[in-house]
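Asks: below are the sequence and a predicted model; questions follow.
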Amino acid sequence: MDSLSLLSSWQFWLIGGLVLFILELFTPGFLLACFGVSAIIAVIPTLFGFHPVWAILTFAVCSVLSLWLLRPLMLRLSKRPEVATNTRALIGRKVKVVEVIDPETDKGLVKVDGDIWMAKTLGNEKEILPIGTDVIIVDQKSLVLYVRKA
């Protein structure tokens, strides 16, 4: 006797849906979850005694709808804000000048978390920034931080 014949059709759809949900835990993208939702919805026609073809049609229609409606929604809701990494994380930080930043000589240093960085002002700023001045990092290129007065 075949083990699948021991399951009624509603049990087959329910177990299939639950298996898809469990597999979704190990895969990204909410793809299997869409099919899991569809399989669980396909239980409804089988519970009311409709022909199994109706369960298959219900599964197919719900799969298309969930891939079209539910998946984009879930992907949008699961988006995490992008975290700046490495030196790009320095942009926007307030730091102190430890060596005068002079736009004429293009020299100057700032201290960031105990590290000393070469610093320059942006091209349109001509103000000399003395030691101890609070500045904000507005850009970073290579090993040079571009700053403006805070």
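Replies: Perfect, I can see it now.

Asks: pLDDT score for the nearest residue to A42 once chain neighbours are set aside?
Replies: In space, and not counting its chain neighbours, A42 is closest to F59: 4.1 Å by CB to CB, 6 or more residues apart in numbering. For glycine as for every other residue, the C-beta is placed from the backbone atoms N, C-alpha and C. With respect to pLDDT, F59 scores 97.

Asks: state the distance from F59 to F50.
Replies: Distance, F59 to F50, using CB to CB, to the nearest Å: 13 Å.

Asks: ditto for E125
Replies: With the distance defined as CB to CB, E125 ends up 74 Å from F50.

Asks: restricting to C-alpha, output the longest helix along the chain in PDB.
Replies: If you go by DSSP state H, the chain has its longest helix at helix 9-24. Extracted C-alpha coordinates of helix 9-24, given in PDB (Å, rounded to 0.1, in the frame of the first residue of the first chain):
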ATOM      1  CA  SER A   9      -6.100  15.200   0.200                       C
ATOM      2  CA  TRP A  10      -6.600  18.000   2.800                       C
ATOM      3  CA  GLN A  11      -3.800  16.400   4.900                       C
ATOM      4  CA  PHE A  12      -1.500  16.300   1.900                       C
ATOM      5  CA  TRP A  13      -2.000  20.000   1.200                       C
ATOM      6  CA  LEU A  14      -1.600  21.000   4.800                       C
ATOM      7  CA  ILE A  15       1.500  19.000   5.400                       C
ATOM      8  CA  GLY A  16       2.900  20.200   2.000                       C
ATOM      9  CA  GLY A  17       2.300  23.900   3.100                       C
ATOM     10  CA  LEU A  18       3.900  23.400   6.500                       C
ATOM     11  CA  VAL A  19       6.900  21.700   4.900                       C
ATOM     12  CA  LEU A  20       7.300  24.700   2.500                       C
ATOM     13  CA  PHE A  21       7.100  27.100   5.500                       C
ATOM     14  CA  ILE A  22       9.800  25.200   7.300                       C
ATOM     15  CA  LEU A  23      12.000  25.100   4.200                       C
ATOM     16  CA  GLU A  24      11.500  28.900   3.900                       C
END
